[in-house]
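K.L.:
3D, please:
(one chain, ligands or ions: 2)
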Amino acid sequence: MTSPSDRIRPARGVPRRLTDLAEAFDLRTTGALPTDATVGAVASDNRAVASGDLFVALPGTRAHGADFAADAVSRGARAVLTDDAGAARAARLGVPVLVAPDPRLVLGPVAAWVHGEPAGALRTFGVTGTNGKTTTTYQLDHLLRALGHTAGLVGTVETRAGDRVLASRLTTPEAPDLQALLAAMVEDGVSALTMEVSSHAIAMHRVDGVVYDVAGFTNLSQDHLDFHGDLPTYFAAKAELFTPARSRRGVVVVDDAWGERMAATASVPVETVRTPGAAGTDGGATADWTVSDVATHGTGSAFTLTHRDGRSLRTSTSLPGGFNVANAALAVVMVLAAGVPFDEVTAALAAGDGLSARVPGRMEVVGPGGDGDPRVVVDFAHNTEALELALAALRPTTQGRLAVVFGATGDRDPGKRPAMGAAAVAGADVVWVTDDDPHDEDPGKVRAEVLAGAEAARAAAQDAGRTVVVREVAPRGDAVRRAVLDAAADDTVLVAGRGHETVQEVAGVDLELDDRHEARAGLRARAERTATA
Ligand SMILES: CC(=O)N[C@H]1[C@@H](OP(=O)(O)OP(=O)(O)OC[C@H]2O[C@@H](n3ccc(=O)[nH]c3=O)[C@H](O)[C@@H]2O)O[C@H](CO)[C@@H](O)[C@@H]1O[C@H](C)C(=O)N[C@@H](C)C(=O)N[C@H](CCC(=O)O)C(=O)O
Ligand SMILES: Nc1ncnc2c1ncn2[C@@H]1O[C@H](COP(=O)(O)OP(=O)(O)OP(=O)(O)O)[C@@H](O)[C@H]1O
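P.N.:
Ligands and ions are numbered 1, 2, ... in the order given. This next block holds a predicted model:
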């Protein structure tokens, strides 16, 4: 995990006058601004402040940024931008104070202005959706590099600016970090940026100040309702991305009603993509792009992508499952929507072995199976739909039993816990209920809510003549190792929910926990058991 002070900043920059800033954004000041006062960057967390920064003190749910303004000034902040409440507390710090009614609303445009609007110097792609953002951005990054771009990537797993890499704290960074990152990318010669745009980020104005050349939409299902309240509000947050203030063009997967609604409500030009996974539609006749002829190809799938004007290409993705065909198709169409010529994209796909990016913790094969061992796959699925799809993706290539190890996140979305338990029983033969990230919630209580759904589904499956084994094991490391040890040679074990994550937050303590490491420990224990048998 990185701390707020870890951020990628440009090495050079043109300091901007505070008087120009106050005028450009119509900011009230609590006194005369020195005409020579300048700022070179922006920070909204005191721990990230460097000399010459503007510190933006935001009101929050847990604190007001003004609580940290004195420390920010001691770290070299040249001025404070805040609201009226913050201004009263920052007044005696000996630096200019600028006031905005809602500083979070101006934070993005101010940070972009201070850094010289860096997004304008990049080809920019933003991907939103409940599931598939990380996978799609990695595939986009892979294709942009195959096209010769120096590509930048921002998302849940990591932030890459050319050769600089930083582990991510948020899926979508706060505006000061994002704009500094974009400025550093421009400085490093990055020509194309791909990033995940979470619904939280849109709702909290983190990406204000960026107009994406192309915005992509994967899908919408139940998640994060503890923040958005309900699905229509969650949808509305994502729909914001497909407006002229935030993007120039859009590409929308219309495999479900939410996708069709996104395409219909977008106020920017949109191209639609439909795959054979489309539920309850007319099979794609009305989509701009249609995926067809999906076939197993190595560990993933080959597929054909055809436009209504007849243009067609055949390519592949290395990641299994129909949903990864949708992610791959979305990535290709987003690049085409950016104006890259069709034949250049076709050639780059051929040269780059299709969409073959390895996405950390997304259907990551830790043990391929064979030599007496089960196949072991680690995935990030942590909501009901993702779990269903991940299990469905692995079932066709599982000769024996399909086992799943998973839990539900504490302090988030309790409504989805029984449904995840039921989804696991519906899709697997052996279900190991364990912990995910409990955060500050009692892990046993979270497991019990998941088990309630699992047990009900298990009883129903038994009545229908299908036996499913449901077990509860904690802590998570034990559950992963036991599932791998318990599996037969022709089984598959899916370890779902945490993917690439290496830290488990338990009651405020960050514990080292990497599912891939635990899975490999289980495979080693099998080898030792065989050796001593
Ligand atoms: C719901 C949400 O997103 N909250 C974010 C929000 O919190 P907040 O407005 O309540 O702020 P606060 O924590 O009260 O702090 C107030 C101000 O004081 C500042 N501060 C705070 C502490 C300190 O020591 N120094 C300091 O300067 C903060 O930077 C902030 O400006 O602003 C904070 C500062 O940037 C974020 O840390 C916090 O993200 C929390 C940690 C979080 O968990 N966010 C998750 C839900 C999130 O954003 N997830 C999405 C992905 C979702 C998905 O698709 O899975 C993401 O984009 O990562
Ligand atoms: N297009 C899709 N539709 C449904 N499920 C998907 C899709 N793509 C991936 N998944 C499933 O969702 C999980 C998360 O995928 P990924 O990390 O790419 O999505 P994400 O939107 O970035 O998730 P998060 O917002 O939590 O970071 C995967 O591990 C997989 O199980």
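
K.L.:
how far away is Gly94 from Ala69?
P.N.:
Gly94 is 11 Å from Ala69, where distance means Cβ to Cβ, to the nearest Å. Just so you know, the C-beta spots here come from the backbone N, C-alpha and C atoms, and that holds for glycine as well.

K.L.:
tell me which of those two has more neighbours.
P.N.:
The residue with the greater number of neighbours, taking Gly94 and Ala69 and applying other Cβ atoms under 10 Å, is Ala69; the counts read 26 against 7.

K.L.:
tell me which element that one is part of?
P.N.:
Counting by DSSP states H and E, the element that carries Ala69 is helix 69-74.

K.L.:
ok, and what's touching the helix or strand just after that helix?
P.N.:
For helix 69-74, the following helix or strand on the C-terminal side (DSSP H and E) is strand 79-82. The set of residues external to strand 79-82 that reach it, using Cβ atoms under 8 Å, 6 or more residues apart in numbering, is 18, 27, 37, 39, 54-58, 65-66, 69, 72-73, 86-87, 90, 93, 95-100, 103, 106, 110.

K.L.:
are any of these buried, and which?
P.N.:
Neighbour counting over the contacts of strand 79-82 (16 or more other Cβ atoms under 10 Å) leaves 18, 27, 39, 54-58, 65-66, 69, 72-73, 86-87, 90, 93, 95-100, 103, 106, 110 as the buried ones.

K.L.:
in helices only, show me the residues you listed.
P.N.:
Among those, the members falling in helices are 18, 69, 72-73, 86-87, 90, 103, 106, 110 (criterion: DSSP state H).

K.L.:
could you identify the least confident member of these?
P.N.:
On pLDDT alone, Ala90 ranks lowest of those, at 93.

K.L.:
gap between that one and Ala180?
P.N.:
As defined by Cβ to Cβ, Ala90 lies at a distance of 22 Å from Ala180.

K.L.:
now Gly40
P.N.:
Taking Cβ to Cβ as the measure, Gly40 falls 10 Å from Ala180.

K.L.:
what does Val273 give?
P.N.:
The spacing between Val273 and Ala180, counted by Cβ to Cβ, is 33 Å.

K.L.:
next one: Pro101
P.N.:
Computed with Cβ to Cβ, the distance linking Pro101 and Ala180 is 25 Å.

K.L.:
equivalent analysis for Met420, please.
P.N.:
Computed as Cβ to Cβ, the Met420 to Ala180 distance reads 37 Å.

K.L.:
again, but for Gln399
P.N.:
Distance, Gln399 to Ala180, using Cβ to Cβ: 51 Å.

K.L.:
those two: who's more crowded?
P.N.:
The residue with more neighbours, out of Gln399 and Ala180, is Ala180; 27 against 11, by other Cβ under 10 Å.

K.L.:
for the more buried one, which non-adjacent residue is closest in space?
P.N.:
Once flanking residues are discounted, Ala180 sits nearest to Arg9: 4.7 Å by Cβ to Cβ, 6 or more residues apart in numbering.

K.L.:
list the contacts for that neighbour?
P.N.:
Counting by Cβ under 8 Å, 6+ apart, the residues that Arg9 touches are 41, 50, 180, 183-184.

K.L.:
in helices only, show me those.
P.N.:
Going by DSSP H, the helices hold 180, 183-184 from the contacts of Arg9.

K.L.:
what's the local residue count around Gly410?
P.N.:
20.

K.L.:
hang on, it packs against Gly444?
P.N.:
No - Gly410 sits out of contact with Gly444 when judged by Cβ atoms under 8 Å, with a separation of 10.6 Å.

K.L.:
state the distance from the closest residue to ligand 1 within the chain to ligand 2.
P.N.:
When scored by Cβ to the nearest ligand atom, the chain has Gly60 as its residue closest to ligand 1, at 2.2 Å. Shown here: Gly60 relative to ligand 2, a distance of 22 Å by Cβ to the nearest ligand atom, to the nearest Å.

K.L.:
what does Thr82 give?
P.N.:
Computed with Cβ to the nearest ligand atom, the distance linking Thr82 and ligand 2 is 31 Å.

K.L.:
and that residue, what's its pLDDT?
P.N.:
Looking at Thr82, the pLDDT reads 98.

K.L.:
setting aside sequence neighbours, what's the nearest residue to it?
P.N.:
Ala57 (3.9 Å).

K.L.:
doesn't Gly367 lie inside a strand?
P.N.:
Yes - secondary structure of Gly367, determined by DSSP: H, G, I helix; E, B strand; the rest coil: located in a strand.

K.L.:
is the least confident helix or strand in the chain by mean pLDDT positioned near ligand 2?
P.N.:
Least confident helix or strand, the chain: helix 225-228 with a mean of 78, by mean pLDDT, DSSP states H and E. No - figure legend: helix 225-228 not in contact with ligand 2 (Cβ under 6 Å from any ligand atom); closest approach 12.3 Å.

K.L.:
how far does that helix sit from its chain's centre?
P.N.:
The gap between the average C-alpha position of helix 225-228 and the chain average comes to 16 Å, counting by Cα atoms, centre = their mean, to the nearest Å.

K.L.:
ditto for stretch 144-157
P.N.:
In terms of Cα atoms, centre = their mean, the centre of stretch 144-157 is set 15 Å apart from its chain centre.

K.L.:
span of that stretch from start to end?
P.N.:
19 Å (Cα to Cα, to the nearest Å).

K.L.:
and that stretch, is it in reach of ligand 1?
P.N.:
No - counting by Cβ under 6 Å from any ligand atom, no contacts exist between stretch 144-157 and ligand 1, the nearest distance being 6.9 Å.

K.L.:
and that stretch, does that touch ligand 2?
P.N.:
Yes - judged by Cβ under 6 Å from any ligand atom, stretch 144-157 comes into contact with ligand 2 through Thr156.
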